[in-house]
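Engineer: Fold the following.
(2 chains)
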Amino acid sequence: MLDFLGTRQRTHTCGELRAADAGKTVTLMGWVNRRRDHGNLIFLDLRDRYGITQIVLDKEISPEGHPKAEHVRPEYVVAAIGKVRLRGADAINPKMVTGEIEVAATELLVLNDSKVPPFSPAEDAIQNEEVRLKYRYLDLRRPEMQHNIETRHKVALAVREYLANQGFYEIETPYLTGSTPEGARDYLVPSRVNPGTFYALPQSPQLFKQILMISGLDKYFQIARCFRDEDLRADRQPEFTQIDLEMSFPQQETVFKVVEGFLKAAFEVAGEKIDTPFPRMTYDEAIRLYGIDKPDQRLPPMTDIRDVFSAEELGSLKIEPGLPIVAIVIPGKQGMSNTQKKVFGQEINAAVGPDLAWLDVERLEKSAEYSALAGRIDAAAGKNCGLARVEPENRLIVLSPRIGTEPPAKDRLWLYKKAGQLRLDLAKRFQDEHRAFEKKGNADDYKFLWVTDFPFFEWDEEKKTWTFAHHPFTSPHEDDLIAGRMESDPEAVRSLAYDIVLNGLELGSGSIRIHRQDVQSQIFRALGMSDEEAKARFGFFLEALQYGTPPHGGIALGLDRIVMILTGTASLREVIAFPKTAKAIDLMVDAPSAVRDEQLKELHIRPVTRS
RNA sequence: GGGGACGUAGUUCAGUUGGUUAGAAUGCUGCCCUGUCACGGCAGGGGUCGCGGGUUCGAGCCCCGUCGUCCCCGCCA
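Structural biologist: Numbering: from 1, shown residues only, chains lettered A, B, ... in the order given. Predicted coordinates for the structure are as follows:
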């Protein structure tokens, strides 16, 4: 039998009563976390967002409430009315913040019952993610998830507050819109009143925020939902949230400062201190030192050690001339048994492939012929990594292209990327030994980095053409424009695009935009895009550009990823209230789903069955 | 699109070389218990071994297919 709430009101939450509250008459409401039945004495742990408080039902104190408590089960919703009292010295629970007190109930209202849940919110996350997602409301009751959602809220609020104080306006942009210039697939929404046409859900508010600058709004931000119909990953959901901003008349550094400011504020509300400003690194440097455009600086960089080899050594070791020789340090990795070394060797062989040779400097050290070389390698790599020495505290692997190797292995970029991948694979493989990925509770836990000077063009191997590396409204370096490199040497043109990287994760990406119509046309021409094509895709925007566009630029950061790092979780699903599976399915609402024929007809859509 | 891991009770898992009636813990149900807090004690119930097909005298176990979840590559610039 359920009780009616009547005019009862909650007086306190389940997380706030302390010893100082002893004697107060209170009304608590919440979910039954656990029930411990001792016959004439029943304990209920009452849970809400704020915590857990122990309620005692004593047959003598509450002859009516006690029998109700006998029938109460986990996840029932109850109201307990009674007096806060101090627990006896031996009954204090030091594990609970409310552990010094309990509520001796005089009255118990059973406000709602519950089916037996498929898993208990009182326990840690179950392995079965399918069940967690299907019963998301139960999963979200777990304190851990409530903490993640709380952190997300606090971060978003801190960002809003910071940006508002810096003079940014929060402005909403449409969800029902046209295709934006990111390269991903669009989610399409059919138009009923315009047969055969579709809206696209925004991959980002890119064009709108630029138009807001043309509109003279000066500083814009939005915590914006974005949609991209691409295959998913642990850190990629089909809909995700960006902290999106744009400002007029900025230099790159102006944008960096704003981002550093709100990140500092955001981390602070999550209880983490970070140092600003963040270091800067060019794209070329990132590739050379880390083999990737999003370096994880919790690990030592790579070193090109070609210079320490003598001509004879290069010859006798059969190393391809003219290409880098890359040394990779595996921190905190030393002693291996012969069996381990054998397995290790096979793993690296598989990872580097047939075009690259590799050697373990420890082996080199032991050879009479090369021990001096080993010392020089060690010194060079150590210096670059800021280490006094590499072997034997750390392990040193050297990677070089075999002599006579064919393209693509002859390409520096290919080699650096391959080495960078190996560096990460090895770091992941030995993370239990070096523990570089574990939080240490200081500012070093968060290695922020600005990566700048991205190449403007990118070679599309599939389409055999140059394509834009960022998006087509990114401004090239003025110097490269002045020097005429757009035509003469497109590969060398740098863009005013920048990424913000944290611990090897791309947090966000932005650029200074093109504000001049003549430059914009030049870019489209360089990309081989005809005036007609450009007009068809972005006509409204090109038109807008011609009405007094101020220099402007901005950035967008993944809110979900920031919260993921702050909560130390391994998947975006842990920080999104209602996420989707790797196949973009919402298991709780069962979306996407088939719709009625009439609905399709109304939308002028006919399904095609693929054979 | 490709590769990998997993799928057995509500949940977490075990299940040997293919061999009787598929087990454990926990949760669940009932009874008992006035100081527990992962309470405890006694008793009980609970299975389409993801699904379909095949091999076999016999399949949770072997084979083929399929579905689902997760991870990675491609993709997402």
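
Engineer: can you pull out the helices in the stretch 451-600 of chain A?
Structural biologist: Using DSSP state H, counting those that start in this stretch, the helices of the stretch 451-600 of chain A run over residues A:478-482, A:485-488, A:517-526, A:531-545, A:559-567, A:597-602.

Engineer: In terms of mean pLDDT, which of those helices ranks lowest?
Structural biologist: Lowest mean pLDDT of these: helix A:485-488, a mean of 82.

Engineer: quick check, distance from that one to the centre of its chain.
Structural biologist: Chain-centre distance of helix A:485-488: 36 Å, with C-alpha atoms, centre = their mean, to the nearest Å.

Engineer: and if you look at stretch A:45-58?
Structural biologist: Distance, stretch centre to chain centre, for stretch A:45-58: 35 Å (C-alpha atoms, centre = their mean).

Engineer: just stretch A:237-253 next, same as before
Structural biologist: Distance of stretch A:237-253 from its chain centroid, counting by C-alpha atoms, centre = their mean, is 15 Å.

Engineer: Are it and RNA strand B in contact anywhere?
Structural biologist: No. Between stretch A:237-253 and RNA strand B, judged by C-beta under 7 Å from any atom of the strand, nothing touches; the nearest distance is 9.6 Å. Every C-beta, even on glycine, is put in place using the N, C-alpha and C of the backbone.

Engineer: Dump the helices of the stretch 451-600 of chain A to JSON lines, plus distance to residue A:248 and mean neighbour count.
Structural biologist: Shown next, in JSON lines, are the helices of the stretch 451-600 of chain A (distance: least, C-beta to C-beta, whole Å; neighbours: other C-beta atoms under 10 Å):
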{"stretch": "helix A:478-482", "distance to residue A:248": "18", "mean neighbour count": "13"}
{"stretch": "helix A:485-488", "distance to residue A:248": "25", "mean neighbour count": "14"}
{"stretch": "helix A:517-526", "distance to residue A:248": "17", "mean neighbour count": "17"}
{"stretch": "helix A:531-545", "distance to residue A:248": "14", "mean neighbour count": "15"}
{"stretch": "helix A:559-567", "distance to residue A:248": "24", "mean neighbour count": "23"}
{"stretch": "helix A:597-602", "distance to residue A:248": "43", "mean neighbour count": "11"}
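
Engineer: For residue A:262, which non-adjacent residue is spatially closest?
Structural biologist: Nearest non-adjacent residue to residue A:262, counting by C-beta to C-beta, 6 or more residues apart in numbering: residue A:162, 4.2 Å away.

Engineer: State the phi and psi torsions of the one you found.
Structural biologist: Backbone geometry at residue A:162, expressed as degrees, to the nearest 10, gives phi -60, psi -50.

Engineer: With the one 4 residues further on instead?
Structural biologist: Dihedral pair for residue A:166: phi -90, psi 0, per degrees, to the nearest 10.

Engineer: now the strands for the stretch 151-300 of chain A?
Structural biologist: With DSSP state E, counting those that start in this stretch, the ranges of strands along the stretch 151-300 of chain A come out as A:169-170, A:188-190, A:198-200, A:219-227, A:239-248, A:280-282.

Engineer: The first one pairs with which strands, parallel or anti?
Structural biologist: To tie it back to what came earlier, the one meant is strand A:169-170. When pairs are called by DSSP bridges, strand A:169-170 turns out to pair with strand A:219-227 (parallel).

Engineer: Who are the contact partners of residue A:207?
Structural biologist: The contact partners of residue A:207, by C-beta atoms under 8 Å, 6 or more residues apart in numbering, come to A:180-181, A:473, A:538, A:541.

Engineer: Just put the residues you listed in JSON lines and tack on distance to residue A:189.
Structural biologist: Below are the contacts of residue A:207 laid out as JSON lines (distance: C-beta to C-beta, whole Å):
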{"residue": "A:180", "distance to residue A:189": "14"}
{"residue": "A:181", "distance to residue A:189": "19"}
{"residue": "A:473", "distance to residue A:189": "24"}
{"residue": "A:538", "distance to residue A:189": "20"}
{"residue": "A:541", "distance to residue A:189": "21"}
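
Engineer: Keep only these that also lie close to RNA strand B.
Structural biologist: Of the contacts of residue A:207, not one also sits near RNA strand B (C-beta under 7 Å from any atom of the strand).

Engineer: and which of these is nearest to residue A:153?
Structural biologist: Distance to residue A:153, by C-beta to C-beta, is smallest for residue A:180 among the contacts of residue A:207, at 27.5 Å.

Engineer: residues contacting the closest one?
Structural biologist: A:200, A:202-207.

Engineer: again, but for residue A:551
Structural biologist: Contact partners of residue A:551, counting by C-beta under 8 Å, 6+ apart, are A:248-250, A:512, A:515.

Engineer: out of those, which is most surrounded?
Structural biologist: Among the contacts of residue A:551, the one with the most neighbours (other C-beta atoms under 10 Å) is residue A:512, at 24 neighbours.

Engineer: Can you name the residues bridging to it?
Structural biologist: Assessed by DSSP bridges, residue A:512 has beta-bridge partners residue A:553.

Engineer: go on, residue A:170?
Structural biologist: Beta bridges link residue A:170 to residue A:221, judged by DSSP bridges.

Engineer: since we're on it, how many residues are nearby?
Structural biologist: If you count neighbours by other C-beta under 10 Å, residue A:170 ends up with 13.

Engineer: got any ranges where the stretch 151-300 of chain A has weak pLDDT?
Structural biologist: Along the stretch 151-300 of chain A, segments meeting pLDDT under 70 span A:182.

Engineer: Quick check, residue A:76 in contact with residue A:113.
Structural biologist: Yes. Counting by C-beta atoms under 8 Å, residue A:113 is a contact partner of residue A:76 at 5.3 Å.

Engineer: what about these two, which has more around it?
Structural biologist: residue A:76 (20 against 15).

Engineer: Contacts only, for the more buried one.
Structural biologist: Under the criterion of C-beta under 8 Å, 6+ apart, the neighbours of residue A:76 are A:31-32, A:110, A:112-114.

Engineer: Could you check which residue of the stretch 1-150 of chain A lies nearest RNA strand B?
Structural biologist: residue A:39 (2.3 Å; C-beta to the nearest atom of the strand).

Engineer: got it, and the stretch 301-450 of chain A?
Structural biologist: For the stretch 301-450 of chain A, C-beta to the nearest atom of the strand, closest residue to RNA strand B: residue A:421, 8.4 Å.

Engineer: quick one: secondary structure of that residue?
Structural biologist: Applying DSSP: H, G, I helix; E, B strand; the rest coil to residue A:421 yields a three-state assignment of helix.
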